[in-house]
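Participant: Any chance you could fold what I've pasted below:
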Amino acid sequence: MALPTTFCDLSPDCTRLIFTGADKTELNAASLACRDFHHYTNELVRELDLSRKSIPELNSFARLLRRFPNVKRLSLYPPPGDDLDATLHEIANSGLDLDFLCLPGRLSLALHDFPAEPLARLSSIMPNLKSLDCGHFVNDDDDLTMLAGMFPALEVLDMSDCGSYVTDQGVDAAFKRLANLRKIDISFNCQMSDEWLKSLSTNCPLLEEVMCVASKRRASWVTESGVCALLGGCGQLRSVQLGDINFSRFDFPLARAVCASARKKLRYLEIDGVVMVDDKHCRRMVDTEEEEDEEACAAHMKVEFFSTWDKLHGESY
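Facilitator: Residues are numbered from 1 along each chain as shown. Presented below is the predicted three-dimensional model:
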């Protein structure tokens with residue numbers, strides 16, 4: 001009588017294939033079964049989120065990186081031992097080829113000097129990093145410009161809630177270095193203005209998704225003029241989310257810009273917390289003089305408007 005087949009009889013490739021279909025809970029249990037299973041499950045880990053955990057020792061962090069050799073996404077906050085320079089050096093020495101990196105907030109670490117040298121080394125080892133979250137990490141124009149120069153292949157950038165010294169000039173200099181950008185979040189920046197959106201429209205032709213939510217507690221100079229420039233200049237746009245933007249006029253060319261974008265690739269436009277907008281204003285955004293344009297928008301794109309009243313009553317246009 002033939003003996004039953006066990007995991008020990010399977011080839012390594014077959015065993016890996018079986019573990020690939022398991023969920024996280026099953027993988028955690030399997031990793032405790034034996035050394036081989038522990039090895040296989042470690043190979044399947046693709047993301048390490050340390051954003052809510054503190055690793056007190058750098059050597060523990062280094063061992064963690066070596067344990068999971070195929071990690072592609074890494075989030076850090078705070079860094080081990082609150083030593084950001086040493087942490088970045090450990091990442092560079094790990095041999096990982098990251099697709100995404102989330103940098104911790106420097107203000108929370110009382111760290112005022114930009115870690116240029118370790119970041120430059122990291123960028124030389126990972127020149128193809130595609131996604132970067134530097135919100136709370138960037139404090140001024142120089143920080144942002146250096147990061148853009150170090151990682152020119154970025155396709156996804158989260159620079160929400162940067163420091164108060166990031167200005168139009170710094171943003172424009174950074175965007176000129178990020179021609180491959182496809183998705184960006186510039187929300188909650190106190191110096192955010194129309195010039196940011198205009199710079200995106202000029203320098204980032206591949207842009208597909210934009211999130212631009214102004215902070216109610218900070219000044220913002222984003223108006224319909226910047227939105228029109230963005231919609232008109234980025235022919236690849238698929239999704240635009242705007243929040244608390246100053247649409248202060250009843251007669252403006254935004255409706256035509258929206259419809260022109262819908263004829264290209266724009267599929268979703270959300271305007272949340274609109275300032276000084278009533279029913280008549282909202283309907284003019286999607287109703288045009290030409291029936292053909294109106295039908296084009298309706299057929300290809302979803303447009304949602306939310307005011308404070310809408311949020312309370314669950315309504316949208």
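
Participant: How is this protein partitioned into domains?
Facilitator: Split into domains by the TED database, the chain comes to 12-44, 130-312.

Participant: Can you tell me which of the ones you listed has the worst average pLDDT?
Facilitator: Among the domains of the chain, domain 12-44 carries the lowest mean pLDDT, a mean of 64.

Participant: quick one: secondary structure of Val210?
Facilitator: strand (DSSP: H, G, I helix; E, B strand; the rest coil).

Participant: Kindly list the main-chain dihedrals of the closest residue to it other than its chain neighbours?
Facilitator: Distances taken as C-beta to C-beta, 6 or more residues apart in numbering place Val240 nearest to Val210, at 5.1 Å, with adjacent residues excluded. Every C-beta, even on glycine, is put in place using the N, C-alpha and C of the backbone. Phi and psi for Val240, reported as degrees, to the nearest 10, are phi -130, psi 120.

Participant: roughly how far apart are Val240 and Asp133?
Facilitator: Plainly put, Val240 is 20 Å away from Asp133 if you go by C-beta to C-beta, to the nearest Å.

Participant: roughly how far apart are Phe188 and Thr167?
Facilitator: From Phe188 to Thr167 the distance is 16 Å (C-beta to C-beta).

Participant: who has more neighbours, these two?
Facilitator: Phe188 (21 against 17; other C-beta atoms under 10 Å).

Participant: Could you list which residues are in contact with the more buried one?
Facilitator: Ser160, Asp161, Val213, Ala214, Ser215, Arg218 (C-beta atoms under 8 Å, 6 or more residues apart in numbering).

Participant: swap the cut-off to 6 Å and go again
Facilitator: Taking C-beta atoms under 6 Å, 6 or more residues apart in numbering as the criterion, Phe188 is in contact with Ser160, Asp161, Ser215.

Participant: Any chance of TSV for those residues, columns distance to Lys72?
Facilitator: TSV is the format used below for these (distance: C-beta to C-beta, whole Å):
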residue	distance to Lys72
Ser160	22
Asp161	25
Ser215	32
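
Participant: top of those residues by neighbour count?
Facilitator: Ser160 (20 neighbours).

Participant: how close does the closest residue to Arg238 other than its chain neighbours get to Gly135?
Facilitator: With sequence-adjacent residues excluded and distances taken as C-beta to C-beta, 6+ apart, Arg238 is closest to Glu208, at 4.8 Å. Distance, Glu208 to Gly135, by C-beta to C-beta: 20 Å.

Participant: and if you look at Cys102?
Facilitator: Note on Cys102: its distance to Gly135, by C-beta to C-beta, is 9 Å.

Participant: likewise Ala260?
Facilitator: For Ala260 relative to Gly135 (C-beta to C-beta), the value is 31 Å.

Participant: can you give me the helices for the stretch 151-300 of the chain?
Facilitator: Secondary structure of the stretch 151-300 of the chain (DSSP state H, counting those that start in this stretch): helices located at 168-175, 194-203, 224-233, 254-264, 279-286, 291-300.
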